[in-house]
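Asks: Okay, here's the prediction I keep looking at, along with the sequence it came from:
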Amino acid sequence: MTTQSTSVERILGFGTDSGHTFGTVEIAYETFGTLNADRSNAILIEHALTGDTRVTEWWAGVVGPGEAVDTDKYFVVCANSLGGCSGTTGPQSSYEDGLAYGSRFPRVSIRDMARLEHNLTQILGIDSWVAVIGGSMGGARALEFALLDSRKVRKCAVIAAPAFCEADQIAWAMMQERAIELDADYYSGDYSAVGSFPSHGLGLARQIAHLTYRNDADLNERFSRRLRSEDYYEVTSYLDHQAKKLTARFDPHSYIVLTRALRDHDVRRGRSSDLTVALADACTDNLVVSVSSDRLFPPEQVGTLAEALPGRVRHHIIDSPVGHDGFLTETEKISAVLADFLAD
């Protein structure tokens, strides 16, 4: 039986790209499987924007006993991202005065998140990971993790994520941030101090985001113009359901912090304006996966990353009508590609 454990590590004096230094950062993570004697069977999986450490749940059929990422064979680690709300230090963590960080929480980058996980790598005593794998924001994190020190990564799999975000993605992110900021209960991020919660803003942000996660053809096929009740469409009901699900489990200011981090994602920053040069120190055994109907990160944009990576690069386009969320829902296809990648 695959063993599973939840842990939190404390890291002192962690600095961010924005110039902030945390006195202490906590990083929460779950492990699945057993680390072998020479610590050579570890795989790091990076979750997406509103994901968490429970990778065998949100990627069931891909990660678990006997799956492509076999937790009977590999020691799988999934850490909550810096700025999140599932155990790692984020806006609702306690500040020095005992209150939540709230608006005082600093801007963090995808690179900061990856750098924190390099600290975790050292704590775990792992010299190199068999693979670092991530989808969407997790794919951006996996790419940055490998770029920070490719000696720590034997294989890198970037799924439904680009080398940098472009104007279209920045615009979608801006609307989501504004939806939360304009909620009267937001209080500039200090809502917990006054016992408030901007649920309407977070719900609207999720609805905006979900329109980028699903393809227009998929929504048209599933819902058409059907009504649930008078003046209330089936597709509206679906989006309301998505909003309620997220507001029940996620922090609004974390949503803004993480959305901004992904919005600002650009592997060229601080390296080179030439993408090929910026990626020169990346892992040399790479898998890049895009989803055919993805309108958030289209295959052409993801393909630009595949073309610029060094070494051996496999670019697979998963055929799916779903859209961006295909990296989560097309488990059989994702599993097949990952199984071949890990076995090769």
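Replies: Thanks, I have the structure now.

Asks: Give me the buried positions along stretch 249-260.
Replies: Of all the residues in stretch 249-260, those buried under the rule 16 or more other Cβ atoms under 10 Å are 250-260. To be clear about C-beta, it is placed using only N, CA and C from the backbone, and glycine gets the same treatment.

Asks: And the helices in the stretch 101-250 of the chain, which stretches?
Replies: Applying DSSP state H, counting those that start in this stretch to the stretch 101-250 of the chain gives helices spanning 110-124, 137-148, 167-181, 199-213, 216-223, 234-247.

Asks: by contact count, what packs against the next helix-or-strand element following the last one?
Replies: Using DSSP states H and E, the helix or strand that follows helix 234-247 towards the C-terminus is helix 252-263. For helix 252-263, the packing partners by 3 or more Cβ pairs under 8 Å, 6 or more residues apart in numbering; DSSP states H and E come out as helix 110-124, helix 137-148, helix 167-181, helix 199-213.

Asks: Using JSON lines, lay out those helices together with mean neighbour count.
Replies: Formatted as JSON lines, those follow (neighbours: other Cβ atoms under 10 Å):
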{"stretch": "helix 110-124", "mean neighbour count": "21"}
{"stretch": "helix 137-148", "mean neighbour count": "27"}
{"stretch": "helix 167-181", "mean neighbour count": "17"}
{"stretch": "helix 199-213", "mean neighbour count": "21"}
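
Asks: F14: which of these is closest?
Replies: helix 110-124 (6.4 Å; Cβ to Cβ).

Asks: For the chain, give me the ranges with low pLDDT.
Replies: 1 (pLDDT under 70).

Asks: One more pass at 80, please.
Replies: Applying pLDDT under 80 to the chain flags residues 1-2.

Asks: residue nearest the centroid of it?
Replies: What sits nearest the mean C-alpha location of the chain, by Cα atoms, centre = their mean, is A48, with 2.3 Å.

Asks: right, and P299 touches S292 too?
Replies: Yes. The criterion here is Cβ atoms under 8 Å, and P299 meets it with S292 at 6.2 Å.

Asks: Can I get the helices and strands packed on helix 252-263 in a markdown table including distance to E26?
Replies: Output for the helices and strands packed on helix 252-263, formatted as a markdown table (distance: least, Cβ to Cβ, whole Å):
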| stretch | distance to E26 |
| --- | --- |
| helix 110-124 | 10 |
| helix 137-148 | 18 |
| helix 167-181 | 24 |
| helix 199-213 | 23 |
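
Asks: nearest to E307, of those?
Replies: Of the helices and strands packed on helix 252-263, nearest to E307 by Cβ to Cβ is helix 137-148, at 14.1 Å.

Asks: Return the list of helices and strands in contact with that closest one.
Replies: Counting contacts by 3+ Cβ pairs under 8 Å, 6+ apart, helix 137-148 packs against strand 42-46, helix 110-124, strand 131-135, strand 156-159, helix 252-263.

Asks: which residues are contacting that helix?
Replies: Helix 137-148 is contacted from outside by 44-49, 51, 81, 110-111, 113-115, 117-118, 132-134, 152-153, 156-163, 258, 261-262, 265, 267, 271, 279, 281-283, 305, using Cβ atoms under 8 Å, 6 or more residues apart in numbering.

Asks: Now do that helix against helix 252-263, angle only.
Replies: Per axes from the mean of the first three to the mean of the last three Cα atoms, to 10 degrees, the angle that helix 137-148 makes with helix 252-263 is 60 degrees.

Asks: With just CA atoms, put helix 137-148 into PDB.
Replies: Taking C-alpha atoms only, helix 137-148 is exported to PDB below (Å, rounded to 0.1, in the frame of the first residue of the first chain):
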ATOM      1  CA  MET A 137       0.600  27.500 -13.300                       C
ATOM      2  CA  GLY A 138       2.200  24.200 -12.100                       C
ATOM      3  CA  GLY A 139       3.900  24.000 -15.500                       C
ATOM      4  CA  ALA A 140       5.300  27.400 -15.200                       C
ATOM      5  CA  ARG A 141       6.600  26.400 -11.700                       C
ATOM      6  CA  ALA A 142       8.200  23.200 -13.100                       C
ATOM      7  CA  LEU A 143      10.000  25.100 -15.800                       C
ATOM      8  CA  GLU A 144      11.300  27.700 -13.400                       C
ATOM      9  CA  PHE A 145      12.400  25.000 -10.900                       C
ATOM     10  CA  ALA A 146      14.500  23.300 -13.600                       C
ATOM     11  CA  LEU A 147      15.900  26.600 -14.800                       C
ATOM     12  CA  LEU A 148      17.100  27.500 -11.300                       C
END
